[in-house]
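1. pasting a predicted model and its sequence here:
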Amino acid sequence: MEKTLRISLLLLICLQFFQLYAQSVDELMAEGRNHLKNHQNDSAIIVLEQALETAEKNDLAEELPIIENNLAVAYKRNDNYPLSIKFYESALVHFLDIKDDSAAAIALYNVGLSQKKIGLNDAAIENFSSAIEIFQVTGQKRNEAFAFEALGNLFSDLELYEEAVTYHNNALSIFKESDDTTRIARVYNNLAQVYLEQESTTEAYFYLKEGRRRRLEHGLSLASNGILFGELFLIEAKWDSAYAYLKPAHNERLANGYSAGLASSYLHLGNYYHLINENAIASVHLDSAYAISDSIQHNEILTEVILLQLKIELGTSDQKHVLDKFEKLLELRSQALGESSRTEAARFDVKYETLKKDETLKVNAVEIELQKVENENLEYKYQSAIIALVIGLILLLIIIILGMRLRKKNANLKSKNDTINVLHKELRHRTKNYYSELIGMLGYDLETTENRDTQEFIDCYIWRLRAMSLIQSHLIIEESKSNENIALKPYLSELTEQVSIALSGPSNPVEIKMDFSEIDLNLNSARSLGIVLNELLQNAFKHGFAAIKEPVINIELSQLNDNEITLLVKDNGRGIQPKTLSKNDSEGMGLLSQLLKKINGTIEYNLDVAIGTEIRITIPA
């Protein structure tokens, strides 16, 4: 009796402790939600991290994804999209663990929104599409419409207007079923925006008119609709009509005190006055737009304002103002390179390496199975030959039986061969996608760093990754071929054009003349040759043409015999100094030497030319 009483007391104490922990998590979650409600994001993160730690220690499966979801919201509001994606994805896994498909679909949708913000468009499209499928199964029509609308906006950003219209119309149909006037009016604006970007004013006018009718009937704001009407009439050069919509929209936002919207309306009015050659009035409105967007750190609007101001001021003699505006544009593109970005880039890299190893193991396993099948075929053939010598009748029966088995084995062999091909193709596609993701992350870091050396370092590696990614694209295009060779002419031509578009300035464009022979080369050598050409072109653009009025680069690719391929790069720039070639610490020269050494190639610098630089690369065919 006494022993039973002790056990009961111990269980009661454990239950009380569990309740205290549970109450602690509930209180922390409530406090975190309150901070989020008041937009105190940093405080919310601190409290929710404590709640997450407590929930993990006590295995609170239902609370865990809710906390992670709220943490993702807080990081998203702080523009820390990599951590936002991390917690949304973790919440997604835990929602699936507890069979909450509806919440899992919403988490997928939110992952897509964060990925869209940092340019991971392919991944965002995939997650939006998966969320839509679950929303359809679980009957979440409203959330399905939100996901369609997000896809429409994403495709519009990518200038894939046909797809954008399709998805916006899907969202519109669902909102119309529930007679959700506010969302219907918003989608009408979205569709009008898509058509305005294509300057299809007839279609844009239809959707703007329908949206305005809805807004008037239900007393909704007319400001965003008026701004788009103004843009439409500016495209058509109907100045009075444009002003008739832009001015009331501006007055409404002025009355409501909506900062970002007010800055936008000042910007549109400034553009209107600029187009009618009233630049003095335009400058007044643009100064107001500048002051508001700068105060709220709305860099997108601020950038548009400065560009329009520059357009106006370039026609004046006040060059100091122009220089100030250019400096501000550079400042807007400079932010600190955060530790979280580097961590996230490493996470993507580890994820890619893990995937690559898994795919390689799968391929090896299939190859082992193929070898076993081949050995079994040899054994069956040997047995058939022995039996054929013993008796003719049994020989006939055995040949028939073995023939059936052999056909079955050959079918299995073909199936496994097809599996290997599919795995190879998937590995190439995934390799290309992860290159793109890593380029996107480095691009994000490039835009957010203020250190010039760091910018040049990141930019250099982005272009090297692009050269490596581009060869994956060409490998995918030519994957129907039985070999692993790459056609050099289209690959090097596209690489050269990309570098030229990115680095050739409008004030002093560089002419590139290409003469490429039709040559196929193995994957490793082609990749190294592409990176070498990328390095040479970047060096020429960055260092070779100072004070050169008509810069020209000549690139020739030829194969004089069966053993050697030659790449000749010449320019009319400043030339290369011998002392530069003698520096052992030159990263660019060192990289070229290492790459060419791996493929038994050589590099020659012709220092006897009268003008510019001439470099000859020779590699085995």
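-> It's in.
2. alpha carbons only for contacts and neighbour counts from here, please
-> Fine.
3. where does the prediction get shaky in the stretch 501-621 of the chain?
-> 505-508, 580-588 (pLDDT under 70).
4. which other residues reach the helix or strand harbouring residue 66?
-> For residue 66, the host element (DSSP states H and E) is helix 63-77. Contacts to helix 63-77, defined as CA atoms under 8 Å, 6 or more residues apart in numbering, come from residues 29, 32-33, 36, 41-42, 44-45, 48-49, 51-52, 55-56, 81, 83-88, 90-92, 94-95, 107, 114.
5. and with 6 Å instead?
-> Contacts to helix 63-77, defined as CA atoms under 6 Å, 6 or more residues apart in numbering, come from residues 41, 84, 87-88, 91, 94.
6. for those, which one is nearest residue 414?
-> residue 94 (40.4 Å; CA to CA).
7. now the angle from the helix or strand hosting that closest one to helix 63-77?
-> Secondary structure assignment for residue 94, by DSSP H and E: helix 81-97. Computed by axes from the mean of the first three to the mean of the last three CA atoms, to 10 degrees, the angle separating helix 81-97 from helix 63-77 equals 160 degrees.
8. from the contact counts, what lies against helix 81-97?
-> With contacts taken as 3 or more CA pairs under 6 Å, 6 or more residues apart in numbering; DSSP states H and E, helix 81-97 sits against helix 63-77, helix 101-117.
9. could I get the last one in CSV with only the CA atoms?
-> By that I understand helix 101-117. What follows is helix 101-117 as a C-alpha-only set of coordinates in CSV (Å, rounded to 0.1, in the frame of the first residue of the first chain):
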residue,chain,number,x,y,z
ASP,A,101,-2.0,18.7,-44.6
SER,A,102,-3.7,22.1,-44.7
ALA,A,103,-1.0,23.8,-42.6
ALA,A,104,1.7,22.0,-44.6
ALA,A,105,0.3,23.4,-47.8
ILE,A,106,0.3,27.0,-46.3
ALA,A,107,4.0,26.4,-45.3
LEU,A,108,4.8,25.4,-48.8
TYR,A,109,3.2,28.5,-50.1
ASN,A,110,5.2,30.7,-47.7
VAL,A,111,8.4,28.9,-48.6
GLY,A,112,7.7,29.9,-52.2
LEU,A,113,7.1,33.5,-51.3
SER,A,114,10.5,33.7,-49.5
GLN,A,115,12.3,32.0,-52.4
LYS,A,116,10.7,34.4,-54.8
LYS,A,117,12.2,37.3,-52.8
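10. the chain should start at 50 in everything you say after this.
-> Renumbered: residue one is now 50, and that last one reads helix 150-166.
11. same question for that helix: list its buried residues.
-> For helix 150-166, a neighbour-count test (16 or more other CA atoms under 10 Å) marks 150-166 as buried.
12. which positions in stretch 287-297 come out as buried?
-> 288, 291-292, 294-297.
13. what sits up against stretch 95-107?
-> 74, 77, 81.
14. just the ones of those residues in helices?
-> 74, 77, 81 (DSSP state H).
15. out of the buried residues of stretch 287-297, which sit inside helices?
-> Those of these lying in helices (DSSP H): 288, 291-292, 294-297.
16. excluding its backbone neighbours, what's nearest residue 563?
-> Once flanking residues are discounted, residue 563 sits nearest to residue 604: 4.9 Å by CA to CA, 6 or more residues apart in numbering.
17. which residues does that neighbour contact?
-> If you count contacts by CA under 6 Å, 6+ apart, residue 604 has them with 563, 617-618.
18. for those, which one is nearest residue 500?
-> Nearest member of the contacts of residue 604 to residue 500, counting by CA to CA, is residue 618, at 31.7 Å.
19. so the residue lying closest to the closest one once chain neighbours are set aside is in which element?
-> Nearest non-adjacent residue to residue 618, counting by CA to CA, 6+ apart: residue 604, 4.7 Å away. Residue 604 is part of strand 601-607 when elements are defined by DSSP H and E.
20. and what of residue 595?
-> In the assignment (DSSP H and E), residue 595 maps to no helix and no strand.
21. where does it fall, phi/psi-wise?
-> Taking degrees, to the nearest 10, you get phi -60, psi 130 for the backbone angles of residue 595.
22. for stretch 171-180, C-alpha coordinates in CSV please.
-> Written as CSV, here are the backbone C-alpha positions of stretch 171-180 (Å, rounded to 0.1, in the frame of the first residue of the first chain):
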residue,chain,number,x,y,z
ASP,A,171,12.4,27.6,-60.1
ALA,A,172,12.1,26.4,-56.6
ALA,A,173,9.3,29.0,-55.8
ILE,A,174,7.3,27.8,-58.9
GLU,A,175,7.6,24.2,-57.7
ASN,A,176,6.5,25.0,-54.2
PHE,A,177,3.6,27.2,-55.3
SER,A,178,2.4,24.4,-57.6
SER,A,179,2.7,21.7,-54.9
ALA,A,180,0.7,24.0,-52.5
